[in-house]
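**Student:** Quick one, fold the following:
(one chain, ligands or ions: 1)
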Amino acid sequence: MRRKMAAGNWKMNGLRADLAEITALASATSTTACDVMICPPAPLIPAMLALEAGIMVGGQDCHAEQSGAHTGDVSATLLKDIGASAVIVGHSERRADHAETDAEVRAKAEAATSAGLIAIVCIGETEAERDAGDTLKVVETQLTGSLPDGTTAANTVVAYEPVWAIGTGKTAQSSDIVEVHAAMRALLRARFGAEVADGIRLLYGGSVKPGNAEEIFSLPDVDGGLVGGASLKAADFSAIVAAASR
Ligand code: 13P
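**Tutor:** Next up, the predicted model:
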């Protein structure tokens, strides 16, 4: 039985005043049957943890090295040291904005897990790739290339986020989500064996909202969501957490 996860990715949004949303979220979600996480911009992590809101806090990226001359980057070791539980790696916005390759994402995932963090590894096709009928091929290439050999159910979560569904209000059809998640599960089984693969949580991301979360989270092999815009407000995200707790 996989425990569902509702993870919020604040992206480059949120100021200290927005920590009030975390306090509100904590009181709205005090009894949940799922893991609840928020990944704010890195400088907000200590203040978010200091609220002791009972919500897991994660980073949005880490460097593949644990220290060194890499101005502006954040290491997985530091994220772990300040109390983060997880870090997102390979988000499509980083793949696009910073030309991150599968090999780099894999190295970051390795850095994350060896620092003791959960790596939330993101994959997903662009609209052009989908239109060309290449969705499953792209998902296979990214999943294979981005996951390290040491992947386990405890140290890794995979997020399928079709790029064209992110921030657009367009959600993938349930049948498409089911097809991709089943394909990911099969690939994980082939590589890591059924016991490991069947424990790895597969999140869907891309315009998850209070109105569609319950349907999406009830699909086979969907173990929760990675949520952008709708994670910024406690009123929205608490409804999504509730959907993941059913
Ligand atoms: P939206 O929920 O805003 O579409 O963003 C999804 C996402 O990119 C989460 O990582």
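**Student:** okay, CA-based contacts and neighbour counts for the rest of this
**Tutor:** Will do.
**Student:** pretty sure residue 119 belongs to a helix, no?
**Tutor:** No - assigned with DSSP: H, G, I helix; E, B strand; the rest coil, residue 119 falls outside any helix and is strand.
**Student:** So which residues on the chain come close to the ligand?
**Tutor:** By Cα under 6 Å from any ligand atom, the part of the chain that sits against the ligand consists of 9, 166-167, 205-208, 226-230.
**Student:** Mind putting those residues into a markdown table with secondary structure, distance to residue 158 and pLDDT?
**Tutor:** What follows is the residues of the chain next to the ligand, written out as a markdown table (DSSP: H, G, I helix; E, B strand; the rest coil; distance: Cα to Cα, whole Å; pLDDT from 0 to 100):
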| residue | secondary structure | distance to residue 158 | pLDDT |
| --- | --- | --- | --- |
| 9 | strand | 14 | 98 |
| 166 | coil | 16 | 96 |
| 167 | coil | 19 | 95 |
| 205 | strand | 10 | 98 |
| 206 | coil | 14 | 97 |
| 207 | coil | 17 | 96 |
| 208 | coil | 16 | 98 |
| 226 | strand | 10 | 98 |
| 227 | strand | 13 | 98 |
| 228 | coil | 16 | 98 |
| 229 | helix | 19 | 98 |
| 230 | helix | 20 | 98 |
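**Student:** From those, pick the one nearest residue 83.
**Tutor:** The shortest gap between residue 83 and any of the residues of the chain next to the ligand belongs to residue 9, at 17.1 Å (Cα to Cα).
**Student:** Export whichever helix in the chain runs longest to PDB, keeping only CA atoms.
**Tutor:** Of all the segments of type helix in the chain, defined by DSSP state H, the longest one is helix 174-192. As requested, the backbone C-alpha atoms of helix 174-192 are provided in PDB (Å, rounded to 0.1, in the frame of the first residue of the first chain):
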ATOM      1  CA  SER A 174      -7.600  10.500 -17.200                       C
ATOM      2  CA  SER A 175      -7.000   7.800 -19.800                       C
ATOM      3  CA  ASP A 176      -3.700   9.400 -20.800                       C
ATOM      4  CA  ILE A 177      -2.600   9.700 -17.100                       C
ATOM      5  CA  VAL A 178      -3.500   6.000 -16.600                       C
ATOM      6  CA  GLU A 179      -1.600   5.000 -19.700                       C
ATOM      7  CA  VAL A 180       1.600   6.900 -18.700                       C
ATOM      8  CA  HIS A 181       1.500   5.900 -15.100                       C
ATOM      9  CA  ALA A 182       1.100   2.200 -16.000                       C
ATOM     10  CA  ALA A 183       4.000   2.500 -18.500                       C
ATOM     11  CA  MET A 184       6.200   4.100 -15.700                       C
ATOM     12  CA  ARG A 185       5.300   1.300 -13.300                       C
ATOM     13  CA  ALA A 186       6.200  -1.300 -15.900                       C
ATOM     14  CA  LEU A 187       9.600   0.400 -16.600                       C
ATOM     15  CA  LEU A 188      10.300   0.600 -12.900                       C
ATOM     16  CA  ARG A 189       9.500  -3.100 -12.400                       C
ATOM     17  CA  ALA A 190      11.700  -4.100 -15.300                       C
ATOM     18  CA  ARG A 191      14.600  -2.200 -13.900                       C
ATOM     19  CA  PHE A 192      14.300  -2.400 -10.100                       C
END
